[in-house]
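Undergrad: Here is my input; please provide its structure:
(chains A and B)
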Amino acid sequence: MTQHHSITLHLNGTAHAVSVEPRHTLVDVIREGCGATGTHTGCEHGVCGSCTVLLDGEPIRACLMFAIQADGRQIRTVEGLAHGTILHRLQQAFIDHHALQCGYCTPGFLMLAAGLLEADPNISDDALQDGLSANLCRCTGYVNILRAVRAVAAELRA
Amino acid sequence: MKPPDFTYHAPETLEQALSLLASLDNARLLAGGQSLMPMLTMRFAFPDHVIDLNRVAGLAGITQTGDTLRIGAMTRQRDLLDHPFVQQKIPLLAQALALIGHRQTRNRGTIGGSLCHLDPAAELVSVMTALGATIEIAGPNGPRDVAMADFPLGYMTPSLAPDELVTAVHLPVPPPGHGASFLEFSRRHGDFAIVSAAVMLTRHSSGHLADAVITLGGVGPVPLRLAKAEALLAGQTPTPDLFTQAACLAREIDAMEDAQIPAWYRRRLAESLTRRALTAAHQSLPGAA
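TA: All right, here's what the predicted structure looks like:
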């Protein structure tokens, strides 16, 4: 018999009571249990980074954690970036610098960049490149992704 | 793919974890999950029970006593990397930790998890061997210690009974003023190393090398100490020629072969990385030109 567990995920400040099987990954429960489909599943085994979310403020791969382990933790996804119709500065920079083509990797890159810049607004360019190298983009938009995040980093330093 | 079905256990004490481990059939321990979860989603592993160590009290944390650093098995790689003592006193470890996966995986991945998974190319396996770490193990018959050099019994096989688990790693702090370099070659930044070289050098006040440690990762099923090269270096005046000669000895090692990487390529990498790591470790000695 498959066990079901009742847990609470705090997603972008809203509590979601969900019933999960232990084998359900965090990204699947964010999408299917909480209905927040902004976070994408790519490789589902921790290589591509498209499922990156912030767990208590730090970027993690949501396919490499079971939802049951996130019971009671604070999770932020791409849905939590904008304030109403006002885009987060990273989202605006991605538009301004043409940092996406198909957009599949974008939510993961946005959350990774948000986590890096929030942890260290004075992050060095080397550390930024090293951090962003974690995620894959199949449209090969890395140059423009770097431009967009560098532009926001420069704003934060100013 | 999706992980197979299993029964989930979340013990809160070491005693509970050990008793679950002793009583359940086909159980796997879940530490940071950065290796186990891919194995589950790719259906390489089919445990009936998963014992999650993340809620066990007292398994994470870093404490320094005298010249030993004790690192709890559930300490995250990120927390060890950011630890000021590691940054200042154990540069070899800091350099190796920065090469493990990426920020997202280091935020979850643990020290004990990586050592028990024992991937031959894992940075932690190689660097803990180079640093002469001791592994602290708990089991039904009480605690025991194993030298890191004796911990791998073979390919991805740690010296652990089915009812035992790793609780901590003890590291002797290297002497002040030593030189260190950890270098690796991988296909993409953040991947496992194809080959890695960990080098530590100490020097007499006369300028001669006192001691050299050279550990290669990724060349065989377990980390390899390049003992002949270490012996060649001890007591000598460090010069580029000497480092080239020492690195040449890496040509003689037994290297493994797989579908992508032939053995000769691993030997070439071992030679180049050893030479570069010796040079970089020497340059990191205080007052080096």
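
Undergrad: in the chain, which spans are strands?
TA: Reading this off chain A. A:5-11, A:14-20, A:52-55, A:58-61, A:74-76 (DSSP state E).

Undergrad: my bad, chain B
TA: B:7-9, B:27-30, B:49-52, B:62-65, B:68-72, B:134-138, B:144-147, B:152-154, B:157-158, B:165-172, B:179-185, B:195-203, B:209-217, B:224-225.

Undergrad: I'd like the ones you listed as a markdown table, with mean neighbour count and distance to chain A appended.
TA: For the C-beta atoms, the positions are set from N, CA and C on the backbone; glycine is no exception. Listed next are the strands of chain B as a markdown table, based on neighbours: other CB atoms under 10 Å in any protein chain shown; distance: least, CB to the nearest CB, whole Å:
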| stretch | mean neighbour count | distance to chain A |
| --- | --- | --- |
| strand B:7-9 | 18 | 3 |
| strand B:27-30 | 21 | 8 |
| strand B:49-52 | 21 | 7 |
| strand B:62-65 | 12 | 18 |
| strand B:68-72 | 20 | 18 |
| strand B:134-138 | 21 | 22 |
| strand B:144-147 | 13 | 28 |
| strand B:152-154 | 14 | 24 |
| strand B:157-158 | 15 | 21 |
| strand B:165-172 | 22 | 18 |
| strand B:179-185 | 24 | 14 |
| strand B:195-203 | 27 | 18 |
| strand B:209-217 | 24 | 21 |
| strand B:224-225 | 18 | 28 |
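
Undergrad: Just the pLDDT for residue 80.
TA: Just going to use chain A. Note on A:Gly80: pLDDT of 97.

Undergrad: Can you look at chain B instead?
TA: So, for B:Leu80, pLDDT stands at 98.

Undergrad: So the chain: which segments form each domain?
TA: Looking at chain A here, since you left the chain open. Listed by automatic domain parsing, the domain ranges of chain A are A:5-80, A:89-157.

Undergrad: wait, chain B
TA: Here the domain parsing of chain B from automatic domain parsing is B:7-53, B:62-172, B:179-283.

Undergrad: most tightly surrounded among the domains of chain A?
TA: domain A:5-80 (a mean of 20; mean count of other CB atoms under 10 Å in any protein chain shown).

Undergrad: about what we covered before: want to throw the strands of chain B into a markdown table with mean pLDDT?
TA: A markdown table is the format used below for the strands of chain B (pLDDT from 0 to 100):
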| stretch | mean pLDDT |
| --- | --- |
| strand B:7-9 | 98 |
| strand B:27-30 | 98 |
| strand B:49-52 | 98 |
| strand B:62-65 | 95 |
| strand B:68-72 | 98 |
| strand B:134-138 | 98 |
| strand B:144-147 | 98 |
| strand B:152-154 | 97 |
| strand B:157-158 | 98 |
| strand B:165-172 | 98 |
| strand B:179-185 | 98 |
| strand B:195-203 | 98 |
| strand B:209-217 | 97 |
| strand B:224-225 | 96 |
